[in-house]
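> structure, please.
(one chain, ligands or ions: 1)
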Amino acid sequence: MKANITATAKYLPDRVLTNFELEKIVDTDDEWIRARTGIEERRLVNDGEATSHMASHIGLKLLEKSGKSPDDIDVIIIATCTPDLIVVSTAALVQEKIGAQNAWGFDLMGACTGFIYALETGAKLVESNQYKCAMVIGVDTMSSIIDYTDRNTCILFGDGGGGVLLEPTTQNDGLLDAILQLDGSGSTYLNVPAGGSLRPTSEETVSNKQHYVYQDGKTVFKFAVKKMADVSAEILDKNGFSGEDVKLFIPHQANKRIIDAARKRCKLSEEQVYINIQKYGNTTAGTIPIALDEAVNEGRLEKGDLLLLAAFGGGFTWGSMLIRWGV
Ligand code: UT7
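Residues are numbered from 1 along each chain as shown. Here you go, the predicted structure:
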């Protein structure tokens, strides 16, 4: 038995932050951002709106689209690195907001690879035959940890997320394989230095701006280009597929140049790759499920199509997944 994606949904806040608006805040320009990243604009939450609000919208949409009742959800997994609270999982807040009375759940922190990590986790729970329906959401409120005076990071990130329902299938479809990786030696290149148990919040950590994302962009870029391309090619090879077999490649949307490198490595055409980075920037755990929902809505996936996912992020984390589309 395998686990199959039976519904998709997304949520993007309606506030738009364009490159031109960023030009007025930091020393940058639209042309540089577009050329170096592919990003034109990103979305930001409104004041008071947090990760659980976006995740609950996604959860309710998944219920509406699938015709399921909240009681049908057995487990809720939220991939995020920007939970509402340090203690109390986002999953708990979502459980209450959507009224999923029979669900247990938890948050999973895999940074930009979080959604793929969560999908694999949810799939294994469904495949165990103990759980009939898993709600898996990838969502981040990056604006809550971004310094809008730091041009190295503020141009890259946005808020938003998406999710899926996973259910058992006995057909020849569903999640076929995953390769997931973790290398903690990358932790110094991309992180939020304070606010955890290592450096609890203090006046000093606040005045040193240690609650914001720190990124050594060049080093992360180098790793991301290699690792995302390698792991995308590896999963195809391992399963006896080539680029021609792939209907759609949905990569994590961090930088169009990283996506292009993975595409070329797998010998895929531009038409085989889903890119929406221009609209939303990098929403961390949100990018893949947002793109998946858009691709489904645009009719880019039909029953039997082979879907390739790949991501790279803080940790370092990276991975790929192959899915035989079943709905
Ligand atoms: O999703 C999680 C993983 N994260 C990623 O995958 C992000 C990986 N990194 C990247 O995408 C890229 O490294 C960036 C987009 C962050 C930076 O692009 P880059 O081509 O690596 O630029 P760079 O850091 O080498 O900087 C080139 C120049 C520098 O000026 P000098 O030293 O050549 O005079 C920077 O100071 O561009 C300058 N620069 C900027 N200029 C205008 C850096 N940021 C900006 C900016 N606007 N926002």
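
> leaving out chain neighbours, which residue sits closest to the closest residue to the ligand within the stretch 101-250 of the chain?
Closest residue of the stretch 101-250 of the chain to the ligand, Cβ to the nearest ligand atom: Gly217 (3.0 Å). Using the backbone N, CA and C atoms, a C-beta is placed for each residue, glycine as well. Spatially, and ignoring its direct neighbours in sequence, Gly217 is nearest to Asn152 (5.8 Å; Cβ to Cβ, 6 or more residues apart in numbering).

> SS state for the one you found?
Classification of Asn152 using DSSP: H, G, I helix; E, B strand; the rest coil returns helix.

> do the one helix or strand Ser320 maps to and the ligand come into contact?
Assigning secondary structure by DSSP states H and E places Ser320 in strand 317-324. No. Applying Cβ under 6 Å from any ligand atom, one finds strand 317-324 separated from the ligand by no less than 9.2 Å.

> now that strand: buried residues?
Buried positions in strand 317-324, judged by neighbour count with 16 or more other Cβ atoms under 10 Å: Thr317, Trp318, Gly319, Ser320, Met321, Leu322, Ile323, Arg324.

> follow-up on the earlier one: can you count the residues close to the residue nearest to Gly217?
15 (other Cβ atoms under 10 Å).

> quick check, pLDDT for it.
The pLDDT attached to Asn152 in the predicted structure is 96.

> ok, it touching Lys218?
No. Asn152 lies out of contact with Lys218 (Cβ atoms under 8 Å); the separation is 9.9 Å.

> quick check: closest non-adjacent residue to Arg199.
Counting by Cβ to Cβ, 6+ apart, Thr205 is the residue found nearest to Arg199 once chain neighbours are left out, at 5.6 Å.

> next SSE downstream of the host helix or strand of the one you found?
For Thr205, the enclosing helix or strand under DSSP H and E is helix 203-207. Using DSSP H and E, the helix or strand that follows helix 203-207 towards the C-terminus is strand 214-215.

> the inter-axis angle of the helix or strand following that next one versus strand 317-324?
With elements assigned by DSSP H and E, the helix or strand that comes after strand 214-215 is helix 217-238. If you take axes from the mean of the first three to the mean of the last three Cα atoms, to 10 degrees, helix 217-238 sits at 30 degrees to strand 317-324.
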